[in-house]
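Peer 1: sequence and predicted structure are below.
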Amino acid sequence: MFLLIGLGNPGNEYVDTRHNVGFMALDNIVERHNFSSYNKKYDAFVVTGNIAGEKVIAVKPQTFMNKSGISIAKFVNFYKIPLQNVIVIYDELDLSTGKVRVKSGGGNGGHNGLKSIDSNIGKEYTKVRIGISHPGNKDKVSGYVLSKFNTDEIYAFDIGPGNCLIDEWIRKNSKKKFDKDGSIARSGERKRIGRKYST
């Protein structure tokens, strides 16, 4: 069993914002794999389905980004899911729009959602970072991450960033096959993101 989490903020005002790319990616995965309908549980929207022959619980915490870990810990504890089977999808300023990187463990890079998760369940879960690019000035970051994607940016990852990477990671994990760095693709490889590619 895997716990697949998309990070974001609840509320219509945050729909299609850069900080909510985790929600966007998760919704796309849920639709593509014909999961059941979302229900509310443990301060989150939750839905179950199957990917690569494995049961997957997909979760969108509704506690706002900086308290995401509170909701996630409840799922981890209730279902007794090992941290190596917990996958978190979130926005990454330090990657160009549409690029995706996957790694196990490591730091939080200052991301408030990850800080909350780390403090509630530990750090040895898998992170799926989806690039949203940096505005170029740290003083503009707060407003930038809460602004909406433009049309070109949406097209860059076809509103489904990380889909194929996550599928492959679950396949590899369920078969206990890993790259040495715990990732499913090394830097410089071409990685499919919807109908587009990122290198």
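Peer 2: Perfect, thanks for sending it.

Peer 1: now name the helix or strand holding the residue nearest the centre of the chain.
Peer 2: Most central in the chain under C-alpha atoms, centre = their mean is Ile89, positioned 0.8 Å from the mean C-alpha point. Applying DSSP states H and E as the criterion places Ile89 in strand 86-92.

Peer 1: sheet partners, orientation included, of that strand?
Peer 2: If you go by DSSP bridges, strand 86-92 pairs up with strand 2-6 (parallel), strand 126-131 (parallel).

Peer 1: neighbours around Pro61, how many?
Peer 2: Applying other C-beta atoms under 10 Å, we find 30 residues neighbouring Pro61. All C-beta spots, glycine's among them, are computed from the backbone N, C-alpha and C.

Peer 1: pairing partners for it in the sheet, please.
Peer 2: Counting by DSSP bridges, Pro61 is bridged to Ala44.

Peer 1: surely it touches Ser68?
Peer 2: Yes: with contacts counted by C-beta atoms under 8 Å, Pro61 reaches Ser68, the gap being 4.4 Å.

Peer 1: now the common contact residues for those two.
Peer 2: With contacts taken as C-beta atoms under 8 Å, 6 or more residues apart in numbering, the residues that reach both Pro61 and Ser68 are Ile5, Leu7.

Peer 1: let's have the strands paired with strand 86-92 in a markdown table, adding mean pLDDT.
Peer 2: Output for the strands paired with strand 86-92, formatted as a markdown table (pLDDT from 0 to 100):
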| stretch | mean pLDDT |
| --- | --- |
| strand 2-6 | 94 |
| strand 126-131 | 88 |
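
Peer 1: any chance of the ones you listed in CSV, plus distance to Thr17?
Peer 2: Below are the strands paired with strand 86-92 laid out as CSV (distance: least, C-beta to C-beta, whole Å):
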stretch, distance to Thr17
strand 2-6, 13
strand 126-131, 13
